[in-house]
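Colleague: Next come a sequence and a model predicted from it.
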Amino acid sequence: MNSVFYNSNGIVNFSAQPSSVLPRSITSCKTARDLKQLHAVFIKTGQIQDPLTAAEVIRFCAFSSQRNIDYARSVFHQMPEPNCFCWNTILRVLAESNNEHHQSEALMLFRGMLCDGRVKPNRFTFPSVLKACARASRLREGKQVHGLIVKFGFDGDEFVISNLVRMYVMCALMEDAYSLFCKSVVDFDGSCQMEVDKRRQDGNVVLWNIMIDGHVRLGDFRSARNLFDEMPQRSVVSWNVMISGYAQNGHFIEAINMFQEMQISNIDPNYVTLVSVLPAISRIGALELGKWIHLYAGKNKIEIDDVLGSALVDMYSKCGSIEKALQVFERLPQRNAITWNAIISAFAMHGSAEDAINYFHLMEKAGVTPNDVAYIGILSACSHAGLVEEGRSFFSHMVKVVGLQPRIEHYGCMVDLLGRAGRLEEAEALIKNMPMAPDDVIWKALLGACKMHKNIEMGERVAEILMELAPHDSGSYVALSNMYASLGNWEAVAGVRMKMKGMDIRKDPGCSWVEIHGIIHEFLVEDDSHPRAKEIQAMLEEMSTKLRLNGYRPNTLEVFLNADEEHKARALQYHSEKIAVAFGLISTAPQYPLKIVKNLRICEDCHASLKLISLIYKRRIIVRDRKRFHHFDHGSCSCMDYW
DNA sequence: GTAGGGTTAG
């Protein structure tokens, strides 16, 4: 007969079992199969009646890598008399799940626990219950739980309080959160005068972090920053909350500044810091900083798993290095749907439709089902490469075979795909038949196609709609004006300009960034504010001369002004990306590829010029515009002039 | 047994 006994940690050991067949304890279970075998033995021996054993089983199914909440729940419900520890375990499992139904279930279960009455909740019960309320934004229940906490006398427990504050913060009730916060901070500070109680101090920082997080969630960065500056001490989490808050709300420069200040303050970035700051680096295109992060992870033994890996793949891709993106991707020990989406989107952005399609199929082969985002990636790849039939086939496969509901982003790709291939009527028909209202992005895609194919009739119509939909967006005015200009209709151009002036709409200034030796340099149109402006100017003149000698003629069609040709040619010379290239050429050695990030789309003239410049100066130039990458090399561009 | 994270049409 098998004997069962416990070690000092309450972990069950099966020393009499042949180790090749059965795991010796729950902690040595590697797979769900191991656990099921062990569980079967527990049932057979009746040992499952022991609450500690049952709780260990629940914990394993809930928190190990073999996450199986259904299994945990069934073990729990089979217990005739679960003790408080078991209740706490199942409540925590449900509360921390990402599935919203589980949070509701946790609350129902907690209600059951109270009604049952055999077990009283303890101080470990409430954090989970509060977490469930917070995650599901269930304020009404949250307030009831607050009442119970007072009734049971746990309103002095730091874990309970921090979860209570967090619950109010997540329900956007900052006043309630503040009243608890202020009370606790005063209490804690009072007791800390006598003796520095480390745990209390930590608890204090946690509360500050939660409050900062609350302001960040509400988009109130000023209050968040004030608290951050005021707090008596900051933990790595305090920095992470600020960095991720900035990064997720489009304040990329602030996120990066915070990250750099963090290092000045001698706080070591951790895994979450890296994952939080990487998207900001991607958006700015700060490759050197991105590389530093990658190295830092390696040096500090921070594991590059699927999550950090996805962020790195995206960073390298958005910073212009598709080769490094692929290298990181290939070396990852595990890849999930997001990792695959990141590499597929990377190929799409860089114009390698073939690779995007290959990796899409590799993803399927690896047993990862492509989700809606994967289809956005693949459709955008088809659109950038002009693969109309392939795009159509992916779209219909997604709808008819996979049964995914297309989102507006999918329609956006299709409108772009059809429009740019010159099938303007089909694109317009698709917009009319979409199940949702078209947004400005959809109309902009069609307007771009009208401009490309010089369909002024449709262009005017679409621009009209856009001006109504997004009246303060300069894009539609500029596109319409450019369209008239390309037809030489200067009167109509003047009309659009008048309208813009009347509504005080200004064209977004073109802006380019180039990172040279780790420092980001920003250039605006006609920018002469750089310390090396004189040398840049001389370089621009030289470029201009060499371009002309190589047969280049300025393409002034897209110049916004109705000015004489010479003036327009000069305006073109000072587009921000050209200034950035000039600066790059004088600042770096020939083998150094220039990587430029531009806020708007690259214009046709700059595109033609950069192709020639890559030939004349034997320089690889990679430009990331608002939409995609252009790799200029040996006189041609990776987009094959289709963008 | 407290806080924090990656991909997405133009």
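Modeller: Perfect, thanks for sending it. Numbering: from 1, shown residues only, chains lettered A, B, ... in the order given.
Colleague: quick one, what contacts residue A:293?
Modeller: A:274, A:277, A:278, A:281, A:312, A:315 (CB atoms under 8 Å, 6 or more residues apart in numbering). The way it works is simple: take the backbone N, C-alpha and C, and place the C-beta from them, glycine included.
Colleague: And residue A:642, by the same measure?
Modeller: So residue A:642 contacts A:384, A:385, A:386, A:420 (CB under 8 Å, 6+ apart).
Colleague: let's go with 6 Å and repeat that
Modeller: residue A:386 (CB atoms under 6 Å, 6 or more residues apart in numbering).
Colleague: Wait, a helix at it?
Modeller: No - with DSSP: H, G, I helix; E, B strand; the rest coil as the criterion, residue A:642 is located in coil rather than a helix.
Colleague: what kind of secondary structure is the residue nearest the centre of chain A in?
Modeller: Centroid-nearest residue in chain A: residue A:279, 5.9 Å away (criterion: CA atoms, centre = their mean). Three-state call for residue A:279 (three-state DSSP): helix.
Colleague: Quick check on the nearest residue to it once chain neighbours are set aside: phi, psi?
Modeller: Nearest residue to residue A:279, sequence neighbours excluded (CB to CB, 6 or more residues apart in numbering): residue A:247, at 5.2 Å. Dihedral pair for residue A:247: phi -60, psi -40, per degrees, to the nearest 10.
Colleague: Distance of residue A:35 relative to residue A:79?
Modeller: For residue A:35, the distance to residue A:79 equals 17 Å [CB to CB, to the nearest Å].
Colleague: okay, these two: which has more neighbours?
Modeller: Ranked by neighbour count (other CB atoms under 10 Å), residue A:35 and residue A:79 place residue A:35 first, with 22 against 19.
Colleague: and that one, what does it touch?
Modeller: A:29, A:60.
Colleague: So for stretch A:550-559, mean pLDDT?
Modeller: Per-region confidence: stretch A:550-559 scores 73 on mean pLDDT.
Colleague: Ok, stretch A:460-478 next?
Modeller: Rounded mean pLDDT across stretch A:460-478 is 87.
Colleague: for it, how far is the first residue from the last?
Modeller: One end of stretch A:460-478 to the other measures 12 Å (CA to CA, to the nearest Å).
Colleague: In chain A, what residue comes closest to DNA strand B?
Modeller: Residue of chain A nearest DNA strand B, by CB to the nearest atom of the strand: residue A:412 (1.9 Å).
Colleague: Contacts made by the helix or strand that residue falls within with the rest, please.
Modeller: For residue A:412, the host element (DSSP states H and E) is helix A:408-420. Helix A:408-420 is contacted by residues A:376, A:379-380, A:382-383, A:391, A:395, A:426-427, A:430, A:434, A:436, A:441-442, A:445-446, A:449 when judged by CB under 6 Å, 6+ apart.
Colleague: Pull out the buried residues from it.
Modeller: Neighbour-count burial for helix A:408-420 flags A:409, A:410, A:411, A:412, A:413, A:414, A:415, A:416, A:417, A:418, A:419, A:420 (criterion: 16 or more other CB atoms under 10 Å).
Colleague: and what of stretch A:423-441?
Modeller: Going by 16+ other CB under 10 Å, stretch A:423-441 has these buried residues: A:423, A:424, A:426, A:427, A:428, A:430, A:431, A:434, A:438.
Colleague: Show me which of those is closest to residue A:46.
Modeller: Nearest to residue A:46 among the buried residues of stretch A:423-441, counting by CB to CB, is residue A:434 at 61.5 Å.
Colleague: Surely residue A:601 is in a strand?
Modeller: No - assessed with three-state DSSP, residue A:601 is coil; it does not lie in a strand.
Colleague: Correct me if wrong: it contacts residue A:624.
Modeller: No - Residue A:601 lies out of contact with residue A:624 (CB atoms under 6 Å); the separation is 10.8 Å.
Colleague: Of these two, give the one with the bigger neighbour count.
Modeller: Neighbour tally, residue A:601 and residue A:624, criterion other CB under 10 Å: the higher count belongs to residue A:624, 22 against 16.
Colleague: Which of the helices or strands spans residue A:58?
Modeller: Residue A:58 belongs to helix A:51-63, assigned by DSSP H and E.
Colleague: Does at least one residue of that helix sit close to DNA strand B?
Modeller: No - using CB under 7 Å from any atom of the strand, helix A:51-63 stays clear of DNA strand B, with a minimum separation of 8.3 Å.
Colleague: circling back: tell me which of the buried residues of stretch A:423-441 fall in helices.
Modeller: Counting by DSSP state H, the buried residues of stretch A:423-441 place A:424, A:426, A:427, A:428, A:430, A:431 in helices.
Colleague: can you map out the helices along the stretch 1-150 of chain A?
Modeller: A:32-45, A:51-63, A:69-77, A:84-95, A:100-116, A:125-135, A:139-152 (DSSP state H, counting those that start in this stretch).
Colleague: got CSV for those helices, with mean pLDDT too?
Modeller: Formatted as CSV, the helices of the stretch 1-150 of chain A follow (pLDDT from 0 to 100):
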stretch, mean pLDDT
helix A:32-45, 81
helix A:51-63, 77
helix A:69-77, 84
helix A:84-95, 88
helix A:100-116, 89
helix A:125-135, 91
helix A:139-152, 91
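Colleague: Just name the most buried of those.
Modeller: Greatest average neighbour count among those goes to helix A:125-135 (a mean of 26), per mean count of other CB atoms under 10 Å.
Colleague: What about residue A:631, how many residues nearby?
Modeller: Applying other CB under 10 Å, I find that residue A:631 has 19 neighbouring residues.
Colleague: Which residue is the nearest non-sequential neighbour of residue A:407?
Modeller: residue A:372 (6.0 Å).
Colleague: Taking their axis directions, the helix holding residue A:412 and helix A:424-433 sit at what angle?
Modeller: Relative orientation of helix A:408-420 and helix A:424-433, computed by axes from the mean of the first three to the mean of the last three CA atoms, to 10 degrees: 160 degrees.
Colleague: ok so, going back, now do the helix holding residue A:58: distance to the chain's middle.
Modeller: Helix A:51-63 sits 34 Å away from the centroid of its parent chain (CA atoms, centre = their mean, to the nearest Å).
Colleague: What of stretch A:589-600?
Modeller: Distance, centroid of stretch A:589-600 to centroid of chain: 24 Å (CA atoms, centre = their mean).
Colleague: circling back: my read is that the residue nearest to residue A:407 contacts residue A:406, right?
Modeller: No - taking contacts as CB under 6 Å, residue A:372 lies outside contact range of residue A:406: 8.0 Å.
Colleague: Those two: which is more packed in?
Modeller: More crowded of residue A:372 and residue A:406, by other CB under 10 Å: residue A:406, with 19 against 16.
Colleague: for the stretch 501-643 of chain A, which spans come out with low pLDDT?
Modeller: A:556-573, A:643 (pLDDT under 70).
Colleague: How about the residues of it by DNA strand B?
Modeller: Counting by CB under 7 Å from any atom of the strand, the stretch 501-643 of chain A sits next to DNA strand B at A:626, A:627, A:628.
Colleague: Select only the buried ones of the residues you listed in ChimeraX?
Modeller: Buried subset of those, written as a ChimeraX selection, criterion 16+ other CB under 10 Å:
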select /A:628
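Colleague: can you list the residues that contact stretch A:46-65?
Modeller: A:4, A:10, A:12, A:26, A:35, A:39, A:42, A:68, A:71-72, A:75-76, A:79, A:83, A:85-86, A:89-90, A:93.
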